[in-house]
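J.: Structural data only, the sequence is not supplied:
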């Protein structure tokens, strides 16, 4: 078994594609990709924030104070367009002729005298990711409404101090009892398993295809079966090799994430990032690796069984494609707000590991839950390995 394991591992390490997915992808590609995405996202947010909104004010004469405020606002530019009905307004916005149309009620002045609520219509496109138009319109209306409220209070003979008390009769102070690490873990703790667990699958996928379907395609499976090594040793050796690559991918990813986070924290003087990562001790990092071991075993055994069944490299890839879907959905549980690791979740494979990693990063893990968690995950791993061994011993599967 160990001879098979060493042989297969050496052959995989000679394969540039395998080395790319194990080392280059987590160490270099992911930081570059996330950096580019972050840069483009920040650039788009800044562009949207600095955007000057083209607007049309319908019935502006009914509220001259508001029209003047909007006209002299630096974030707004009046567009000289006219509309006959609502459809024309929608078509103009969809055709990018204007960004915002505000229709003021003709009876606004009388409604103000009668102290009635005036209803205006605001048309804009809400398809923008950052929603700058909505945000800026809210700010303008808030400022205008506050000015009107002050005028009403002044008419009633009330001072500005009384207005402030009326506006905020109660002021409360927020005291967050969660420390920085717990807040960080709640916000990003669910995202890290979303990277690590699928990477374990990816790290196992390509070696599994090569050691199963690849052997068939190259015609070396028959030669391997003629060697004086039992089929149990053969399949366990292949399984251990695949599992090793999956774990190595996860280990390199963890190292890469910690390394780049420290670098970013130092370069941009974000001390909180470095301090939070330093607060996660070696025990927690070690437990994260231990949690990934049985998960990697499940992936490795399942993928090897699929690869053994497939006739060719391409067929194996087609069978393994849906595996990522079955993995991603349970991992999303860890990103869902309000869901934490309980005894019920501790026995659900994949989801239990995602939730446990999140709790470890937060520093709030109940270590008693590790017993049912490991028991459940190891049980499913053993079932997967037993099935893989059984599958490898079937002649109709090996030579189909």
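T.: Nice, I can see it. This structure is a prediction, so every number in the text was calculated from the model and none was measured.
J.: Following the top strand by length along the chain in sequence, what is the next regular element?
T.: For the chain, the longest strand by residue count, based on DSSP state E, is strand 53-58. Note on strand 53-58: by DSSP states H and E, the next helix or strand toward the C-terminus is helix 64-71.
J.: follow-up on the earlier one: helices or strands up against the longest strand of the chain?
T.: If you count contacts as 3 or more CB pairs under 8 Å, 6 or more residues apart in numbering; DSSP states H and E, strand 53-58 packs onto helix 64-71, strand 76-78, strand 100-103, helix 132-155. Using the backbone N, CA and C atoms, a C-beta is placed for each residue, glycine as well.
J.: Kindly state the pLDDT recorded for residue 359?
T.: At residue 359, the predicted lDDT confidence score is 84.
J.: neighbours around the residue nearest to it when sequence neighbours are not counted, how many?
T.: Spatial nearest neighbour of residue 359, excluding adjacent residues (CB to CB, 6 or more residues apart in numbering): residue 365 at 3.8 Å. Neighbours of residue 365 under the rule other CB atoms under 10 Å: 21.
J.: Please verify my assumption that residue 365 contacts residue 342.
T.: No: the pair residue 365 / residue 342 is not scored as a contact, 11.9 Å apart, by CB atoms under 8 Å.
J.: Report the buried residues of stretch 204-221.
T.: For stretch 204-221, the neighbour count (16 or more other CB atoms under 10 Å) marks 204-217, 221 as buried.
J.: Just name the shakiest helix or strand of this protein by mean pLDDT.
T.: helix 271-279 (a mean of 57; mean pLDDT, DSSP states H and E).
J.: elements contacting the next helix or strand after it?
T.: Later in the chain than helix 271-279, the nearest helix or strand by DSSP H and E is helix 282-309. Packed against helix 282-309 by the contact rule (3+ CB pairs under 8 Å, 6+ apart) you find helix 191-211, helix 213-218, helix 231-267, helix 313-320, helix 323-332, helix 351-362, helix 370-392, helix 395-398.
J.: closest to residue 121 out of those?
T.: Among the helices and strands packed on helix 282-309, helix 323-332 comes nearest to residue 121, with 38.5 Å by CB to CB.
J.: How far off centre is the next helix or strand after the closest one?
T.: Later in the chain than helix 323-332, the nearest helix or strand by DSSP H and E is helix 343-346. Chain-centre distance of helix 343-346: 23 Å, with CA atoms, centre = their mean, to the nearest Å.
J.: got it, and stretch 59-75?
T.: On CA atoms, centre = their mean, the centre of stretch 59-75 falls 42 Å from that of its chain.
J.: can I get the helices and strands packed on helix 282-309 in a markdown table with distance to residue 306?
T.: As requested, the helices and strands packed on helix 282-309 are exported to a markdown table (distance: least, CB to CB, whole Å):
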| stretch | distance to residue 306 |
| --- | --- |
| helix 191-211 | 7 |
| helix 213-218 | 9 |
| helix 231-267 | 12 |
| helix 313-320 | 5 |
| helix 323-332 | 8 |
| helix 351-362 | 21 |
| helix 370-392 | 9 |
| helix 395-398 | 11 |
